[in-house]
Each structure stands twice: as C-alpha cells, then as structure tokens.
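>>> Need coordinates for the following:
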Amino acid sequence: MIVTTVSVQVRTESREAFIRATIANHESSVREPGNRRFDVLQSKEDPDRFLLYEAYNSDEAAAAHKKTAHYLIWRSTVEPMMAQPRSAAHYTAVRP
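Below is the predicted model of the structure:
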C-alpha cells in the first residue's frame with residue numbers, strides 16, 4: 001500500500017471554496033481503480049489547515065491519480081486558494 005499525505009494551508013476567505021473543490025476531488029478519487037482510501041481532514045486547531053490522506057494499492061495507481069481529469073481540475077482550482085505551497089509526504093505500509 002502506498003500512502004501520501006498532503007498538507008494544505010488555505011486562505012481564510014477561500015476555505016469554503018477549497019472544501020467544495022476538495023470534496024469533488026475526493027468523490028472521484030475514491031472511485032479510481034487501486035484507491036483504498038481518500039480522506040479530507042480539517043484541523044481542529046486551525047480551520048484553514050487541511051490534511052489529505054490518500055492510499056493506493058501501488059505506485060502505479062498513485063501515479064495514475066495525478067493524471068486524472070478530476071485531480072488536474074482540483075489542482076488548478078485550489079492553487080490560488082493556498083496561503084503557502086502544499087507539502088506532501090510519501091509512505092509505504094509496514095504490513096499489508
């Protein structure tokens with residue numbers, strides 16, 4: 001299993017639009033072949049901070065996600081909403 005976490009800090013005035021765009025991306029992502037999980041999390045301490053938790057069966061499935069129309073639309077839509085560039089961390093499962 002391949003997991004990517006994406007940390008995003010959005011501008012306060014863009015928070016609701018970011019949530020809408022990200023939920024739309026989530027809804028399509030969970031239907032992708034090889035997707036195991038795609039969570040959108042909002043910080044309790046800072047409502048403008050989000051964490052995306054994306055789990056795929058393989059590197060290939062994770063890479064295919066980045067080529068989907070819904071991901072490309074999400075990326076271009078939310079880019080101007082970010083207070084700083086998003087950051088990602090990549091993991092593999094210790095056990096299947």
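
>>> And the contacts of stretch 53-72?
1-6, 24-25, 28-29, 32-39, 41 (C-beta atoms under 8 Å, 6 or more residues apart in numbering). C-beta coordinates here come from the backbone N, C-alpha and C atoms, glycine included.

>>> Just these: which are in helices?
Taking DSSP state H, the ones among these that sit in helices are Ala24, Asn25, Ser28, Ser29.

>>> ok, the last one - contacts?
So the one you mean is Ser29. Going by C-beta under 8 Å, 6+ apart, Ser29 touches Asn35, Phe38, Glu54, His65, Thr68, His70, Tyr71.

>>> at 6 Å what do you get?
Asn35, Phe38 (C-beta atoms under 6 Å, 6 or more residues apart in numbering).

>>> Check the gap between it and Glu45 for me.
26 Å (C-beta to C-beta, to the nearest Å).

>>> and if you look at Glu13?
Per C-beta to C-beta, Glu13 is found 19 Å from Glu45.

>>> one step back: most neighbours among the ones in helices among the contacts of stretch 53-72, please name it.
Highest neighbour count within the ones in helices among the contacts of stretch 53-72, by other C-beta atoms under 10 Å: Asn25, with 23 neighbours.

>>> Show the pLDDT at the most centrally placed residue in the chain.
Taking C-alpha atoms, centre = their mean, the centroid of the chain lies closest to Leu52, which sits 4.1 Å from it. Leu52 is assigned a pLDDT of 98 by the prediction.

>>> so the residue nearest to it when sequence neighbours are not counted bridges to which residues?
Once flanking residues are discounted, Leu52 sits nearest to Val6: 4.1 Å by C-beta to C-beta, 6 or more residues apart in numbering. Listed by DSSP bridges, the beta-bridge partners for Val6 are Leu52, Ala88.
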